[in-house]
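# What follows is a predicted protein model with its sequence.
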Amino acid sequence: MDPTLKEILDTSYFYIIIAILMAGAVLFIAYMLISRSKTVPSGSKSEGFQGPAVGVSSIPCGQESSHVTEILNTFSGLMSSTQEGEPDFVEFKEIMSKMCCMKHDLMSTSHIVNSTLYLQYNNSHDRENPADTVGRCFTKSVPPRELGIIFSTWKNRGLTLLARLCTSYNLCPQKTKLVEKHFNALCSDVFDIAKEVCLPEKKAPEYNSPRDPRGVMPPKVQDLGEYKGYY
């Protein structure tokens with residue numbers, strides 16, 4: 001064979017091999033990108049995942065409660081007849097989202113403050129940052145009275161907003177009672193879960209939190225004797 005022809009063939013084989021390797025690399029990368037794009041959190045029981053916190057409902061963690069879905073479906077497609085209707089609805093959804101995200105965190109097996117971590121504090125209905133409440137729940141340092149105040153504030157503010165929303169969005173009496181029933185059920189559901197996770201153990205000391213009221217004797221009067229005067 002002509003040496004020049006042999007050199008050309010050898011060079012062609014070299015470029016063909018390089019092209020095959022590059023095509024294989026491109027196909028592999030394309031396969032990895034496509035396979036990852038189809039990955040959806042599924043809440044697999046075998047791995048202990050609690051499920052996705054966002055992306056399933058129109059509000060964060062809304063998939064945690066069917067009551068939230070029913071409420072949102074009731075107001076879906078309706079227009080507010082008042083100027084305050086839309087801002088009230090935004091705050092109302094915020095309250096429902098905080099309860100659902102608290103439920104999501106409290107029921108997780110990892111005991112990590114995740115879903116409530118970036119929820120904004122609102123002094124209209126929050127006693128403290130929801131993430132702080134969940135963090136104290138995992139240490140079982142929330143007194144029963146304080147936990148009740150947190151949920152009653154959410155519930156009372158939510159019912160007030162809901163009454164205004166039903167008027168703003170012109171809901172009939174039947175639908176008004178139905179959405180109130182769903183909201184009350186949501187509050188009861190999350191509160192029952194919180195009581196199981198957040199409250200101290202039964203054998204815990206009576207005063208186990210710096211927030212609990214207790215008597216304090218100032219140092220300057222500790223060495224004084226008993227007062228025996230009339231007043």
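Perfect, I can see it now. Residues are numbered from 1 along each chain as shown.
# rest of the way, CA atoms for contacts and neighbours
OK.
# looking at the chain, which helix or strand is least sure?
Across the helices and strands of the chain, mean confidence by mean pLDDT, DSSP states H and E is lowest for helix 3-37: a mean of 70.
# For the next helix or strand after that helix, give me every contacting residue.
If you walk from helix 3-37 toward the C-terminus, the next helix or strand you reach (DSSP states H and E) is helix 66-75. By Cα atoms under 8 Å, 6 or more residues apart in numbering, the residues outside helix 66-75 that reach it are Ser57, Gly62, Gln63, Met96, Tyr169, Lys175, Val179, His182, Phe183, Ala185, Leu186.
# residues of helix 66-75 that come out buried?
His67, Val68, Thr69, Ile71, Leu72, Phe75 (16 or more other Cα atoms under 10 Å).
# One more: stretch 124-139?
Within stretch 124-139, the residues scored as buried using 16+ other Cα under 10 Å are His125, Asp126, Arg127, Asn129, Pro130, Ala131, Thr133, Val134, Gly135, Arg136, Cys137, Phe138.
# Skipping its backbone neighbours, what lies nearest the fifth one in space?
So that's Pro130. Closest residue to Pro130 apart from its sequence neighbours, by Cα to Cα, 6 or more residues apart in numbering: Thr116 at 6.1 Å.
# close enough to count as contact, that neighbour and Cys100?
No - checked against Cα atoms under 8 Å, the pair Thr116 and Cys100 is beyond contact range at 9.1 Å.
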